[in-house]
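K.L.:
fold the following for me, if possible:
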Amino acid sequence: MDDRAGDEMASGPIAAVDENVRLLVERLQSLGEGESAIADLVACGSRAVPHLRKFLLAGRITSVPQPRVWAVEALAWLRANDVLLEYVQAPARTHDPQLLLAEDAVKNTAARRIGETRDEQTFQILLDLSRKRNLPGLIESLAEFERPEAIPCLDRALEDDFCRAAAEAGLRRLGRRARNALMLSALMPLPNAEEETPGSLFRRRSVLMLLAEVGLDRTNWAELRPILAERDPELLVRIARITAAVADSADRFTAARKLVGVLAGLPWYLIKETETALEALAPESLLPIEAELERRASNPTRAGDEVFRLLLRLEEKLRRRP
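P.N.:
Take a look at the predicted model:
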């Protein structure tokens, strides 16, 4: 048999596999059948990787992200981490807001799958990417490493509505290793105290919640004490939990007085947390509670006063304590 005949016989099965892979990649674009193509693509082995890479890095971007998400899943099963890393680092190929939103869903999936590889190169790439932009999947993967070097990125991600939960979970896992950075963040309204952005305020609220969970001592309290002068009700609720745990009687009284003063303007989701904080601040909270009850008792419409009823319930509970 001559060499050319041998090459043709060898190339026949390879060409058939490539054609099969091409058809499977096309099938990914069917919302009805696309998911079932993943297993078939994985069964093709490494021959599927170049086709999936082309589809992901150069294929048409649409407002429906699912076909490209399935391509990411297939590449992850094929352990083509290099392709996924190349994809998440690639610049955006569109400026259309709707298409960018769809592509974010694909990049989130890719970042989560990349995070399953816990090596130094992957960590450094994720860290570098997180300095440029926030994506929930990226923050989740970065948090999974539980590395203190990620704390600044996780702290910044607290300002993003979509990334906050993932960032909180990551900082929670770091625990006391994150405490000093969290204390600094709690005291840093951006760009300044007079013009603080909503994102900065959300970050500081989360930070105080995390600090209450991590635990502080009296030496830490001296640094955080100025937050008692804040006006934001949610910040006051969060700092009150810390005050109850580590502060002296005078600061406990101040925290209780401030909490009672903002009760009327609290959103519903903070009511229970505030009630718990006022209980924890007892006995110092009893006097501000009684003073506010006395003030509201003279109001002829107090029958419909939710704050009055809450304070009355609290006063009765605290007075029953031994």
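
K.L.:
now for the one helix or strand Ala143 maps to, which elements pack on it?
P.N.:
Assigned by DSSP states H and E, Ala143 belongs to helix 136-144. Counting contacts by 3 or more CB pairs under 8 Å, 6 or more residues apart in numbering; DSSP states H and E, helix 136-144 is packed against helix 97-114, helix 120-132, helix 151-157, helix 164-174. For glycine as for every other residue, the C-beta is placed from the backbone atoms N, C-alpha and C.

K.L.:
possible to save the ones you listed as TSV with distance to Ala250?
P.N.:
Below are the helices and strands packed on helix 136-144 laid out as TSV (distance: least, CB to CB, whole Å):
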stretch	distance to Ala250
helix 97-114	48
helix 120-132	42
helix 151-157	31
helix 164-174	31
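
K.L.:
pretty sure Thr62 is touching Leu99, no?
P.N.:
Yes. Contact criterion CB atoms under 8 Å: Thr62 and Leu99 qualify, at 7.2 Å.

K.L.:
hmm, back to that, what would the helices and strands packed on helix 136-144 look like in a markdown table with mean neighbour count?
P.N.:
Shown next, in a markdown table, are those (neighbours: other CB atoms under 10 Å):
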| stretch | mean neighbour count |
| --- | --- |
| helix 97-114 | 19 |
| helix 120-132 | 16 |
| helix 151-157 | 21 |
| helix 164-174 | 20 |
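
K.L.:
and of the ones you listed, who's closest to Glu292?
P.N.:
Closest approach to Glu292 among the helices and strands packed on helix 136-144 is made by helix 164-174 (32.4 Å; CB to CB).

K.L.:
which strands and helices sit next to that closest one?
P.N.:
Right, helix 164-174 is packed against helix 136-144, helix 151-157, helix 198-214 by 3+ CB pairs under 8 Å, 6+ apart.

K.L.:
tabulate those helices in a markdown table, adding columns for distance to Val49 and mean pLDDT.
P.N.:
Putting the helices and strands packed on helix 164-174 into a markdown table (distance: least, CB to CB, whole Å; pLDDT from 0 to 100) gives the following:
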| stretch | distance to Val49 | mean pLDDT |
| --- | --- | --- |
| helix 136-144 | 21 | 94 |
| helix 151-157 | 30 | 97 |
| helix 198-214 | 39 | 96 |
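
K.L.:
pick the most buried one from those helices.
P.N.:
helix 136-144 (a mean of 25; mean count of other CB atoms under 10 Å).

K.L.:
just the residues contacting that one, thanks.
P.N.:
88, 107-112, 114-115, 118, 123, 126-127, 129-130, 150, 153-154, 157, 162-163, 165-167, 169-171, 173 (CB atoms under 8 Å, 6 or more residues apart in numbering).

K.L.:
redo that, cut-off 7 Å
P.N.:
107-109, 111-112, 114-115, 126-127, 129-130, 150, 153-154, 157, 162-163, 166-167, 169-170, 173 (CB atoms under 7 Å, 6 or more residues apart in numbering).

K.L.:
mind checking how far it is from the chain centre?
P.N.:
Its chain's C-alpha centre and that of helix 136-144 lie 8 Å apart, by CA atoms, centre = their mean, to the nearest Å.

K.L.:
what is the orientation angle of that helix with helix 97-114?
P.N.:
Angle of helix 136-144 versus helix 97-114, following axes from the mean of the first three to the mean of the last three CA atoms, to 10 degrees, is 20 degrees.

K.L.:
only alpha carbons, please: show helix 136-144 as CSV.
P.N.:
Presented in CSV, the C-alpha positions along helix 136-144 are these (Å, rounded to 0.1, in the frame of the first residue of the first chain):
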residue,chain,number,x,y,z
PRO,A,136,-20.5,36.8,40.6
GLY,A,137,-18.9,33.7,39.2
LEU,A,138,-15.5,35.3,39.3
ILE,A,139,-15.9,36.4,42.9
GLU,A,140,-17.2,33.0,43.9
SER,A,141,-14.2,31.2,42.4
LEU,A,142,-11.8,33.7,43.9
ALA,A,143,-13.4,33.3,47.4
GLU,A,144,-13.1,29.5,47.1
